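# Provided below for reference: sequence and predicted model.
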Amino acid sequence: MEKKEKLQSIKDEVKGYITLSGWQMGEVADRLSERKSKVALQNLSNKLTKGTIKYSEVKKIADITGYKIVWEKK
């Protein structure tokens with residue numbers, strides 16, 4: 001998988017789970033701000049687009065939206 005495709009896949013997956021949970025990106029950014037310093041919607045979107053989002057931030061997004069990340073052996 002090409003790097004650009006991989007980054008798009010990560011972005012689509014995270015945004016997809018946010019949408020499926022009934023949340024909007026802005027709401028998630030606001031909730032992340034409650035847990036740490038201010039997280040702007042644009043900053044969150046940029047991190048997803050560039051693939052620079054931290055795993056710890058993805059875990060927090062999963063928690064906010066009611067998901068848990070599960071690792072399964074192939």
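Thanks, I have it.

# Figure out how far the longest helix anywhere in the chain is from the centre of its chain.
Secondary structure of the chain read by DSSP state H shows that its longest helix is helix 3-20. Distance, stretch centre to chain centre, for helix 3-20: 8 Å (CA atoms, centre = their mean, to the nearest Å).

# low-scoring pLDDT stretches of the protein, where are they?
1, 35-37 (pLDDT under 70).

# In it, what residue spans correspond to helices?
Going by DSSP H, the chain shows helices at 3-20, 25-35, 41-50, 55-65.

# Just the residues contacting the longest one, thanks.
Around helix 3-20, the neighbours that count as contacts under CB atoms under 8 Å, 6 or more residues apart in numbering are 1, 24-25, 28, 48-51, 53, 58, 61-62, 65, 67. Glycine gets a C-beta too; all of them are placed from N, C-alpha and C.

# What number of residues are in the vicinity of the residue nearest to residue 50 when sequence neighbours are not counted?
Leaving aside its sequence neighbours, residue 50 sits nearest to residue 7 (CB to CB, 6 or more residues apart in numbering; 7.1 Å). For residue 7, the neighbour count with other CB atoms under 10 Å is 16.

# again, but for residue 61
25.

# hey, C-alpha coordinates of stretch 23-41 in CSV?
What follows is stretch 23-41, C-alpha atoms only, in CSV (Å, rounded to 0.1, in the frame of the first residue of the first chain):
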residue,chain,number,x,y,z
TRP,A,23,-20.5,12.2,16.8
GLN,A,24,-19.1,15.0,14.7
MET,A,25,-15.5,15.9,14.4
GLY,A,26,-16.0,19.2,16.1
GLU,A,27,-17.7,17.5,19.1
VAL,A,28,-14.8,15.1,19.4
ALA,A,29,-12.3,17.9,19.2
ASP,A,30,-14.2,19.7,22.0
ARG,A,31,-14.2,16.6,24.2
LEU,A,32,-10.5,16.1,23.6
SER,A,33,-10.0,19.7,24.8
GLU,A,34,-11.7,18.9,28.1
ARG,A,35,-9.1,16.2,28.7
LYS,A,36,-6.0,18.3,27.8
SER,A,37,-5.1,21.6,26.2
LYS,A,38,-7.3,23.0,23.5
VAL,A,39,-7.7,20.8,20.4
ALA,A,40,-9.0,22.8,17.4
LEU,A,41,-11.1,20.9,14.8
